[in-house]
Structures are given as structure tokens and as C-alpha cells.
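# Requesting a structural model of the entry that follows:
(one chain, ligands or ions: 1)
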Amino acid sequence: MNCPVCGSNNTGKIGSSEYYCANCLLEFSKSGRKVQYYYIDEEGTSVLLKNKTDAKKMAALIQSQEEDSAN
Ligand SMILES: [Zn+2]
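You can find the predicted model right below:
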């Protein structure tokens with residue numbers, strides 16, 4: 001399935017209705033038509049994001065941090 005945040009198909013199934021996107025490094029779960037977005041903090045806790053807009057912002061933030069640590 002394609003990531004509902006970035007549209008990438010670089011996703012993996014991690015639970016019965018849970019997916020991980022390797023592109024934006026977020027998790028999302030799907031139940032019926034409802035999609036919920038999560039990011040994983042440093043302690044490994046899934047933190048629910050309010051909506052897709054917040055998920056996009058978080059994905060951009062995570063990616064900028066990844067680039068910082070790679071340099
Ligand atoms: Zn994504």
C-alpha cells in the first residue's frame with residue numbers, strides 16, 4: 001500500500017492494519033476509511049499525530065534531522 005503521507009510505495013506491513021513508511025519514517029494504521037499517523041520517539045514510543053498535516057510536518061522534521069546526523 002502507498003504511504004498516505006508522502007505517497008511512496010516504500011512501505012512495510014508491521015501489524016494487522018499497521019504500516020511503516022521507510023521514506024517518511026512514520027507509522028500509520030488503517031481501520032476502514034480512517035487512517036491514523038504516528039511517529040516513534042527516541043524511547044520507541046508511538047506518538048499519535050493529530051492529522052495528515054501534522055504527519056507531513058513531522059515527516060519533514062524527521063528527514064531534516066536524519067540529514068543532520070548523516071553529515
Ligand atoms: Zn511516507
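# From here on, just use CA atoms for contacts and neighbour counts.
OK.
# Point me to the residue sitting closest to the centre of the chain.
Geometric centre of the chain, nearest residue: L26, 1.6 Å, by C-alpha atoms, centre = their mean.
# which parts of the chain sit against the ion?
Counting by C-alpha under 5 Å from the ion, the residues of the chain close to the ion are 3, 5-6, 21, 23-24.
# Is there a quick PyMOL command that grabs whichever of the residues you listed are buried?
Per 16 or more other C-alpha atoms under 10 Å, the buried members of the residues of the chain next to the ion correspond to this PyMOL selection:
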select buried, resi 3+5+21+23+24
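# which pair in the residues of the chain next to the ion spans the largest distance?
Spatial extent of the residues of the chain next to the ion (C-alpha to C-alpha) is set by the pair V5 and N23 at 9.7 Å.
# picking up where we left off before, export the residues of the chain next to the ion to TSV and tack on secondary structure?
Listed next are the residues of the chain next to the ion as TSV, based on DSSP: H, G, I helix; E, B strand; the rest coil:
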residue	secondary structure
C3	coil
V5	coil
C6	coil
C21	strand
N23	coil
C24	coil
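# could you redo the residues of the chain next to the ion as CSV and give each row pLDDT and distance to A55?
Formatted as CSV, the residues of the chain next to the ion follow (pLDDT from 0 to 100; distance: C-alpha to C-alpha, whole Å):
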residue, pLDDT, distance to A55
C3, 95, 11
V5, 95, 7
C6, 94, 10
C21, 96, 12
N23, 92, 13
C24, 92, 9
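# Go ahead and confirm L49 touches Y37.
Yes. In this structure, L49 is within contact of Y37 by C-alpha atoms under 8 Å, at 5.3 Å.
# more crowded one of those two?
With neighbours defined as other C-alpha atoms under 10 Å, L49 and Y37 compare such that Y37 has more, 24 against 17.
# Need the contact partners of the helix or strand containing S64.
In the assignment (DSSP states H and E), S64 maps to helix 52-70. The contact list for helix 52-70, computed with C-alpha atoms under 8 Å, 6 or more residues apart in numbering, reads 5-6, 24-26, 37-39, 49.
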